[in-house]
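S.K.: Just a sequence and a predicted model for now, questions to come.
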Amino acid sequence: MPVPVRAQLVTFRCSSYPDVTPSAWIQFVRASWKRLERLDLSSVSVTDDVLETLADNPAMTQLRVLHLGTATTTDRTARAILDSPHLRKLQRLRLPAHHLDAPLLRRLRDAFGAGFNPGG
C-alpha cells in the first residue's frame, strides 16, 4: 500500500491563505505528519484553537521549526507550545509576540534562545 505524500513531507509551507477557515486549519494540523520538521503557518486564520490542536498532536514530535508570522495568537498559543510534550524538539519559533505578557516572553526566550523570533 502506498504511503500518503503527507506522511513523507519534511517541510511544508502554507502561508498567506486568509480564506482557509480555522476549522479547516484544525483538520490540517490534526493529520499524521510523522516526518515533518519545518512548518510555516503564517496566516491570519491560524488561531489559538488551531495551534493548541497542533501542540496536542503526537505526530508533531519531529517538528524543529515553526513559523507563525501572521497567525492570530495570544498567550494561549505560547503556553500550548511551551507545555506540549510533542514539541520538545522544536528549536526555532517565529511567533507574533507584541501582545504576549512579559513572563511568557521570558519563557519563550529561555526555551528557544536565539531560535525565538518575536516577529509578526
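M.R.: That came through, no problem.
S.K.: do you know how far Leu87 is from Leu93?
M.R.: Leu87 is 9 Å from Leu93, where distance means Cβ to Cβ, to the nearest Å. In short, each C-beta sits where N, CA and C put it, glycine included.
S.K.: Touching both of those two, which residues are there?
M.R.: When contacts are counted by Cβ atoms under 8 Å, 6 or more residues apart in numbering, Leu87 and Leu93 are jointly contacted by Leu66, Ile81.
S.K.: what's the spacing between Asp48 and Asp110?
M.R.: Relative to Asp110, and taking Cβ to Cβ, Asp48 is found at 22 Å.
S.K.: List the buried residues of the one helix or strand Ile81 maps to.
M.R.: Secondary structure from DSSP states H and E places Ile81 in helix 75-83. With burial defined by 16 or more other Cβ atoms under 10 Å, the residues of helix 75-83 counted as buried are Thr77, Ala78, Arg79, Ala80, Ile81, Leu82.
S.K.: Without its sequence neighbours, what residue ends up closest to Tyr17?
M.R.: Spatial nearest neighbour of Tyr17, chain neighbours left out: Ser43 (5.0 Å); criterion: Cβ to Cβ, 6 or more residues apart in numbering.
S.K.: Alright, calling it a day.
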